[in-house]
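Enquirer: One predicted model, sequence on top.
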Amino acid sequence: MGKKQSKEHRKKLKKQAKRNKRIEKQFEKQKTHEHGEVKILLLGTGDSGKSTIVKQMQILYKGGFPNDEIEIYKNVIRSNIKSYIKTLIKACGTLNIEINEKNRELSQDFLQTVRKNSPEITEEHKENLRTLWKDKGLKEAYARRDEFQLPDAANYFLDQIDKIADKNYLPQADDILYCRIPTVGVKEIHFEVNKHLWRLIDVGGQRSERRKWIHQFDDVNLLIFIVAASEYNQLLYEEQNTNRMQESLQVFKKHVNNDFFKKKDLVLLLNKIDLFKEKVKKYPLTICFPEYEGGDNYDKSIRYIKKQYLSQVKKKKKRKVSCHYTCSTDTDMTKKVIESVMNSIIKSDINRYFI
Ligand SMILES: Nc1nc2c(ncn2[C@@H]2O[C@H](COP(=O)(O)OP(=O)(O)OP(=O)(O)O)[C@@H](O)[C@H]2O)c(=O)[nH]1
Ligand SMILES: [Mg+2]
């Protein structure tokens, strides 16, 4: 009899404990809901476009950039433009490309005397930058930029030397979107759309930054992983022997099924689709995936990349996984994609995101 009673008692206790857990969960859920924030974490390797998405949110939902930030971008753009020309001159040397004879002395002089970390662009710098950017040799090196490290947006800025050197120059939204500043540490932006508060967390994607990621993994409601689709033929900035997309795939594999995210919804963004479309006509996908057999066809190539990533995801019953092709420097396109992601969160039982 006593045995039976204690068995029933244990059963009762178990039931109660289950109930308490449920109530606690519900309470936590409500608490977060009242707080009303959906936490979205952006992950991806360096240069994939994470911060560009955050900049777009700043433009779309926060009224643009404050003056002190615009001033920082102006200085970075001006010092970058000089370092792009220096990189191209050096690349001519390593790739054995001839610089036009009449520019050779100028190029060596530019390498030795111009300080790349200074934002100052004198009249003389301006003339020299213009002359060197017109040089056939530098243009040839630019065409072979995947063989060394040069930011994708170098030509966007080098084509506007006069505007950028002007004393009244202030960067416009596009200039800021194309300006590359690798993220160090963590940046976050809060904004409101459709009466919901969104918190977007941006981390640095380069190797040395990734060890800091784990501090952001708690309470994530949605994971967005960004891949630069165009990087399939490029080598890592941090280590010149590793293919960038292979690295990104490893990082994706490591994170999407870990304990923090295995039940979380996942959005995969195949970004820099504008650059990818052009590139795939020239460079075969086999550079990164030797077993690929689809030739230079855009649809086949991008679908192949998508499959390489999505086949790594362990699907749980309620886990939603989606993929978009994006160009995150394009404000309208980014708005459409991000709002469709947010709408699907709102439409599907939003409470699920607060569990
Ligand atoms: N053409 C093109 N350029 C892009 C696109 N997305 C980003 N970029 C450019 O790529 C560069 C890198 O973008 P970021 O947003 O800084 O990359 P990130 O992922 O934040 O890099 P880390 O901070 O180092 O992790 C910037 O110069 C952007 O302007 C795109 O879709 N198309
Ligand atoms: Mg960044």
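Expert: Great, that's in hand. Numbering: from 1, shown residues only. Ligands and ions are numbered 1, 2, ... in the order given.
Enquirer: Which residue ranges of the stretch 251-355 of the chain form strands?
Expert: 265-271, 321-325 (DSSP state E, counting those that start in this stretch).
Enquirer: which of the ones you listed sits most buried?
Expert: strand 265-271 (a mean of 24; mean count of other C-beta atoms under 10 Å). All C-beta spots, glycine's among them, are computed from the backbone N, C-alpha and C.
Enquirer: what about that strand and ligand 1, any contact?
Expert: Yes - applying C-beta under 6 Å from any ligand atom, one finds strand 265-271 touching ligand 1 at Asn271.
Enquirer: can you offset everything so residue one is 797?
Expert: Yes, from this point I'll number from 797; that puts the last item at strand 1061-1067.
Enquirer: And the contacts of that strand?
Expert: 840, 844-845, 1018-1025, 1052, 1072, 1098, 1101-1102, 1105-1106, 1109, 1115-1124, 1133, 1137, 1141, 1149 (C-beta atoms under 8 Å, 6 or more residues apart in numbering).
Enquirer: Sheet partners, orientation included, of it?
Expert: According to DSSP bridges, strand 1061-1067 has the following sheet partners: strand 1018-1024 (parallel), strand 1117-1121 (parallel).
Enquirer: right, and these - which one's nearest Glu988?
Expert: strand 1018-1024 (16.5 Å; C-beta to C-beta).
Enquirer: what residues does that closest one touch?
Expert: 834-841, 843-846, 849, 1040-1041, 1044, 1048, 1051-1052, 1057, 1060-1068, 1071, 1101, 1105, 1124, 1137, 1141, 1149.
Enquirer: Centre of the chain to that strand, how far?
Expert: Averaged C-alpha coordinates place strand 1018-1024 at 8 Å from its chain's average position (C-alpha atoms, centre = their mean, to the nearest Å).
Enquirer: related to what we said a few turns ago, can I get the strands paired with strand 1061-1067 in a markdown table with distance to Thr918?
Expert: Output for these, formatted as a markdown table (distance: least, C-beta to C-beta, whole Å):
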| stretch | distance to Thr918 |
| --- | --- |
| strand 1018-1024 | 35 |
| strand 1117-1121 | 43 |
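Enquirer: Could you list the contact residues of the protein toward ligand 2?
Expert: Selection of the chain residues close to ligand 2 by C-beta under 5 Å from the ion yields Lys846, Ser847, Thr979.
Enquirer: Torsion angles phi and psi at the last one?
Expert: Right, the one you point to is Thr979. phi -80, psi 130 (degrees, to the nearest 10).
Enquirer: How about the contacts made by it?
Expert: If you count contacts by C-beta under 8 Å, 6+ apart, then Thr979 has Lys846, Ser847, Asp998, Val999, Gly1000, Gly1001, Glu1005 around it.
Enquirer: just the buried members of the contacts of strand 1061-1067?
Expert: Listed as buried from those are 840, 844-845, 1018-1025, 1052, 1072, 1098, 1101-1102, 1105-1106, 1109, 1117, 1119-1124, 1133, 1137, 1141, 1149; burial here means 16 or more other C-beta atoms under 10 Å.
Enquirer: Could you confirm whether stretch 838-858 reaches ligand 1?
Expert: Yes - counting by C-beta under 6 Å from any ligand atom, ligand 1 is contacted by stretch 838-858 at Gly840, Gly842, Asp843, Ser844, Gly845, Lys846, Ser847, Thr848.
Enquirer: list the buried ones in stretch 976-992?
Expert: Arg976, Thr979, Ile985, Val989.
Enquirer: so how far is Lys882 from the second one?
Expert: Using C-beta to C-beta, to the nearest Å, we find Thr979 at a distance of 23 Å from Lys882.
Enquirer: Please apply the same query to the last one.
Expert: For Val989, the distance to Lys882 under the criterion C-beta to C-beta works out to 42 Å.
Enquirer: do the strand or helix carrying Glu1005 and ligand 1 meet?
Expert: Taking DSSP states H and E as the criterion, Glu1005 maps to helix 1003-1006. No - judged by C-beta under 6 Å from any ligand atom, helix 1003-1006 makes no contact with ligand 1; its nearest approach is 6.6 Å.
Enquirer: Please point out which parts of that helix sit buried.
Expert: Arg1003, Glu1005, Arg1006.
Enquirer: Pull the contacting residues for the closest residue to Asn899 other than its chain neighbours.
Expert: Spatial nearest neighbour of Asn899, excluding adjacent residues (C-beta to C-beta, 6 or more residues apart in numbering): Asp931 at 5.0 Å. Contacts for Asp931 (C-beta under 8 Å, 6+ apart) come out as Ile895, Asn896, Asn899, Ser903.
Enquirer: Fine by me, we can end here.
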